[in-house]
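1. kindly return the folded structure for what I paste below:
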Amino acid sequence: MTRLSVNINKAATLRNSRGGNNPDVARVAMDCERFGADGVTVHPRPDERHIRRSDVLAIKKIITTEFNVEGYPDERFLALIEEVRPAQATLVPDPPSALTSSVGWDTVREKKFLAAVISQIKKWGVRVSVFVNPDLAMVRGASAVGADRIELYTEPYAAAFHSHREKAVAPYILAAEEARQLGLGLNAGHDLDLRNLKFLKQSLPFLEEVSIGHALICDALYLGLENAIQMYKREIND
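-> Okay, here's the model as predicted:
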């Protein structure tokens with residue numbers, strides 16, 4: 001079974017746009033679980049333009065499924081991981097000013113840095129996933145630095161899906177098989193939605209987890225949060 005982790009950053013963006021606590025981000029996390037999500041993902045950034053450090057601490061106290069915290073592994077992020085001890089830390093190479101994740105790690109060039117960071121996080125009992133492009137060298141590099149999983153960056157797949165889905169998914173199939181051979185777990189995320197998700201899962205049968213936020217929250221505006229979560233789960237587990 002492929003697990004659905006709902007990224008709730010957009011709920012925090014909506015709250016922050018007006019001040020106050022509506023919507024209540026911790027309540028959104030609990031409701032995602034109640035509506036069938038297998039986990040919750042957050043990506044706190046230094047400027048706290050959506051998820052805040054206080055949100056991460058509050059969610060940790062109430063979450064009953066898997067908690068995944070994404071971010072660039074600077075001192076601030078590592079201190080948060082040490083305090084919260086989520087089930088999974090997903091390392092992304094975003095600079096602080098990035099609007100959203102837009103590229104995977106160069107796990108070869110950043111080998112020394114990543115190896116040290118991953119070693120420390122794993123000492124805290126936290127599983128580590130590394131965000132990578134579907135490139136065999138980057139997958140091998142993730143294994144070499146001690147990652148437990150990779151998260152395949154799926155924006156290129158999503159962008160090309162409607163014009164030639166077989167061609168779009170081909171590098172992901174190769175990267176997934178390489179990960180399996182190396183003993184790495186397989187996650188995926190970015191721009192996945194109700195149109196392209198099922199084909200990705202059918203093409204990557206060993207896919208363990210997808211992290212989806214923007215598209216799912218947009219769909220929830222029309223479908224309702226509970227219905228949207230259930231529809232996404234059906235796409236990956238029919």
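2. helices along the chain, start to end?
-> 9-18, 25-34, 53-62, 75-84, 111-123, 136-144, 155-160, 165-182, 197-203, 214-223, 225-237 (DSSP state H).
3. could you dump those helices into TSV and include mean pLDDT?
-> TSV is the format used below for the helices of the chain (pLDDT from 0 to 100):
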stretch	mean pLDDT
helix 9-18	96
helix 25-34	98
helix 53-62	97
helix 75-84	97
helix 111-123	98
helix 136-144	98
helix 155-160	98
helix 165-182	98
helix 197-203	98
helix 214-223	97
helix 225-237	97
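4. and Gly104, which of those helices is closest to it?
-> For the helices of the chain, proximity to Gly104 was assessed by Cβ to Cβ; helix 136-144 is nearest, at 6.1 Å. Just so you know, the C-beta spots here come from the backbone N, C-alpha and C atoms, and that holds for glycine as well.
5. which helices and strands sit right next to the closest one?
-> For helix 136-144, the packing partners by 3 or more Cβ pairs under 8 Å, 6 or more residues apart in numbering; DSSP states H and E come out as helix 111-123, strand 127-132, helix 165-182.
6. could you dump the ones you listed to CSV with mean neighbour count?
-> Output for those, formatted as CSV (neighbours: other Cβ atoms under 10 Å):
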stretch, mean neighbour count
helix 111-123, 16
strand 127-132, 25
helix 165-182, 17
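7. I'd like these as TSV, with distance to Val139 appended.
-> Listed next are these as TSV, based on distance: least, Cβ to Cβ, whole Å:
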stretch	distance to Val139
helix 111-123	13
strand 127-132	6
helix 165-182	5
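8. turn the helices of the chain into CSV, columns for distance to Pro93.
-> Conversion of those to CSV gives the following (distance: least, Cβ to Cβ, whole Å):
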stretch, distance to Pro93
helix 9-18, 18
helix 25-34, 25
helix 53-62, 20
helix 75-84, 12
helix 111-123, 10
helix 136-144, 11
helix 155-160, 14
helix 165-182, 17
helix 197-203, 22
helix 214-223, 19
helix 225-237, 26
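9. so which of those gets nearest Ser129?
-> Between the helices of the chain, helix 136-144 lies closest to Ser129; by Cβ to Cβ that is 8.8 Å.
10. gap between that closest one and the chain center?
-> 18 Å (Cα atoms, centre = their mean, to the nearest Å).
11. kindly report the same for stretch 160-180.
-> That offset, for stretch 160-180, works out to 18 Å (Cα atoms, centre = their mean).
12. now do that stretch: everything it contacts.
-> Outside of stretch 160-180, the residues within contact range by Cβ atoms under 8 Å, 6 or more residues apart in numbering are 132, 134-136, 139-140, 142-143, 150, 152, 154, 156-157, 159, 185-186, 188, 195-196, 199-200, 203-204, 206-207.
13. from those residues, which would you call buried?
-> Taking 16 or more other Cβ atoms under 10 Å as the criterion, what is buried in those is 132, 134-135, 139-140, 142-143, 150, 152, 154, 156-157, 185-186, 188, 196, 199-200, 203-204, 207.
14. quick one: Val42 from Glu82, how far?
-> Distance, Val42 to Glu82, using Cβ to Cβ, to the nearest Å: 16 Å.
15. out of those two, which sits in the busier spot?
-> Legend: neighbour count by other Cβ atoms under 10 Å for Val42 and Glu82, higher for Val42 (28 against 13).
16. my guess is Val103 contacts Asn133, does it?
-> Yes: counting by Cβ atoms under 8 Å, Val103 does reach Asn133; the two are 6.8 Å apart.
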